[in-house]
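Engineer: Okay, structure incoming, though there's no sequence with it:
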């Protein structure tokens, strides 16, 4: 790219690429513009947001610190830094848990097996298949993460698949993420994009595309930055929850309940997400039962974003009021063929709609 253009031309093009979900390219143009105009604090703040989309939290924080050096107290930079630090902290905690697993004595055996050139790892509990461009080391790490998730989430739901679960991982080049760039397609929680589940905004980096379908799990990997196993772990936990809920209920779980459970298991809500639910409660904008019954992909952007957060909050409300054991009992009753309202009434003493109404009244406090 030519350096003869004024800085704002680079920044404008970077912003356009950002809107097109071309984050790696956008970063190049932000950096080129900052070489010309290193005092543009707005560009540093936007560069940080772009790094965040790729899960590059250290680079994002560094960019925000430069912005704050240039303009102390800059509100946008302070707000983004607080959010990214919390986001990084959440994934650092998952990394700490994973380090024990990834540093286990048998790690070398898995790594060596993958490095023999095979794109498939046959495990007792699953079959992991990698795309042709997936690094062998990543395939080995992914196998350990899936095995750990099998045990960890299995304990939570007291459920373990009786068949070997097919798991696939490929690079994001195999999936047209750019199609999600239209207004209204981005969300803080999963939305359906063709047959995939897209995570973005504060939930997970945009490249963390995954889905559960037909008894299997599909994952993706973006080679832009150094691999972050904690992000993959959160994604696998989310999709593995969908798998177990599907097995426990024979596919008869309400969508909001399924998504709320998956997000609860994947990672905790951040303070900014909790604040959004509290604000929606104060403004009487929480979604009613009739909207939460719909497939979330059919909702307008703002409602869709809120639907996923609200589903998490309803599940959290039920856990706090009745314990996770009660939620497992409801799933069991769904699986036994009990009608949805009958199962909710038996365990929680309320119908599905009454639960949502009651939890909406509590959302300002409990999340």
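Structural biologist: Thanks, I have it. Just so it is clear, the structure is predicted and the values come from calculations on it, not from any experiment. Numbering: from 1, shown residues only.

Engineer: Quickly note the distance from residue 236 to residue 220.
Structural biologist: Distance from residue 236 to residue 220, counting by CB to CB, to the nearest Å: 12 Å. (Each C-beta comes from the backbone N, C-alpha and C, glycine too.)

Engineer: which residues are common contacts for the two?
Structural biologist: Common contact partners of residue 236 and residue 220 (CB atoms under 8 Å, 6 or more residues apart in numbering): residue 210.

Engineer: tell me the mean pLDDT over the helix or strand harbouring residue 302?
Structural biologist: Per DSSP states H and E, residue 302 falls inside helix 301-322. Summarised as a single mean, pLDDT over helix 301-322 is 92.

Engineer: cool, stretch 8-27 as well?
Structural biologist: 92.

Engineer: One more: stretch 129-142?
Structural biologist: 89.

Engineer: ok, now stretch 52-63?
Structural biologist: So the average pLDDT for stretch 52-63 ends up being 90.

Engineer: do stretch 358-367 as well
Structural biologist: pLDDT averaged over stretch 358-367 gives 70.

Engineer: Quick check: phi and psi on residue 128?
Structural biologist: phi -100, psi 120 (degrees, to the nearest 10).

Engineer: Kindly report the same for the one 4 residues further on.
Structural biologist: Its backbone dihedrals place residue 132 at phi -60, psi -20, with angles given as degrees, to the nearest 10.

Engineer: For it, grab the count of nearby residues.
Structural biologist: Residue 132 has 8 neighbouring residues, counting by other CB atoms under 10 Å.

Engineer: and what of residue 40?
Structural biologist: 20.

Engineer: show me what contacts it?
Structural biologist: Counting by CB under 8 Å, 6+ apart, residue 40 has contacts 7, 11, 33, 34.

Engineer: any idea which element residue 129 lies in?
Structural biologist: With DSSP H and E as criterion, residue 129 is part of strand 126-130.

Engineer: Residue 220 and residue 329, how far apart?
Structural biologist: The value you get for residue 220 to residue 329, if CB to CB is used, is 35 Å.

Engineer: ok, those two, which is more surrounded?
Structural biologist: residue 220 (23 against 16).

Engineer: Am I right that the more buried one sits in a strand?
Structural biologist: Yes. Assessed with DSSP: H, G, I helix; E, B strand; the rest coil, residue 220 lies in a strand.

Engineer: any idea how far residue 254 is from it?
Structural biologist: From residue 220 to residue 254 the distance is 28 Å (CB to CB).

Engineer: where exactly do the strands run in the protein?
Structural biologist: 120-122, 126-130, 165-171, 191-193, 196-198, 210-213, 216-221 (DSSP state E).

Engineer: In terms of pLDDT, where does residue 41 sit?
Structural biologist: 97.

Engineer: residues contacting it?
Structural biologist: Residues near residue 41 by CB under 8 Å, 6+ apart: 67, 70, 71, 74, 77.

Engineer: In JSON lines, list those along with neighbour count and distance to residue 59.
Structural biologist: Putting the contacts of residue 41 into JSON lines (neighbours: other CB atoms under 10 Å; distance: CB to CB, whole Å) gives the following:
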{"residue": "67", "neighbour count": "25", "distance to residue 59": "13"}
{"residue": "70", "neighbour count": "15", "distance to residue 59": "17"}
{"residue": "71", "neighbour count": "16", "distance to residue 59": "19"}
{"residue": "74", "neighbour count": "19", "distance to residue 59": "18"}
{"residue": "77", "neighbour count": "24", "distance to residue 59": "14"}
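
Engineer: re the thing from before, and the contacts of residue 40, which is closest to residue 344?
Structural biologist: residue 11 (51.9 Å; CB to CB).

Engineer: That closest one contacts residue 45, correct?
Structural biologist: No. Residue 11 lies out of contact with residue 45 (CB atoms under 8 Å); the separation is 11.2 Å.

Engineer: from the contacts of residue 40, which ones fall inside helices?
Structural biologist: 7, 11, 33, 34 (DSSP state H).

Engineer: farthest pair in those residues?
Structural biologist: 11 and 34 (8.5 Å).

Engineer: Pick out whichever of those two has more residues nearby.
Structural biologist: residue 11 (23 against 20).

Engineer: Chain neighbours aside, what residue packs nearest to the more buried one?
Structural biologist: The spatially closest residue to residue 11, leaving aside those adjacent along the chain, is residue 33, at 4.7 Å (CB to CB, 6 or more residues apart in numbering).

Engineer: which regions of the chain sit below the pLDDT cut-off?
Structural biologist: 1-4, 104-118, 172-209, 223-227, 363-367 (pLDDT under 70).

Engineer: can you list the domains in it?
Structural biologist: For the chain, automatic domain parsing gives the domain ranges 7-87, 104-248, 255-366.

Engineer: Residue 212 versus residue 25, what's the distance?
Structural biologist: According to CB to CB, residue 25 and residue 212 sit 30 Å apart.

Engineer: between these two, who's got more neighbours?
Structural biologist: residue 212 (21 against 16).

Engineer: what are the bridge partners for that one, then?
Structural biologist: Beta bridges link residue 212 to residue 217, judged by DSSP bridges.

Engineer: which residues sit in contact with it?
Structural biologist: Counted by CB under 8 Å, 6+ apart, residue 212 has contacts 197, 239, 240, 242, 243, 246.
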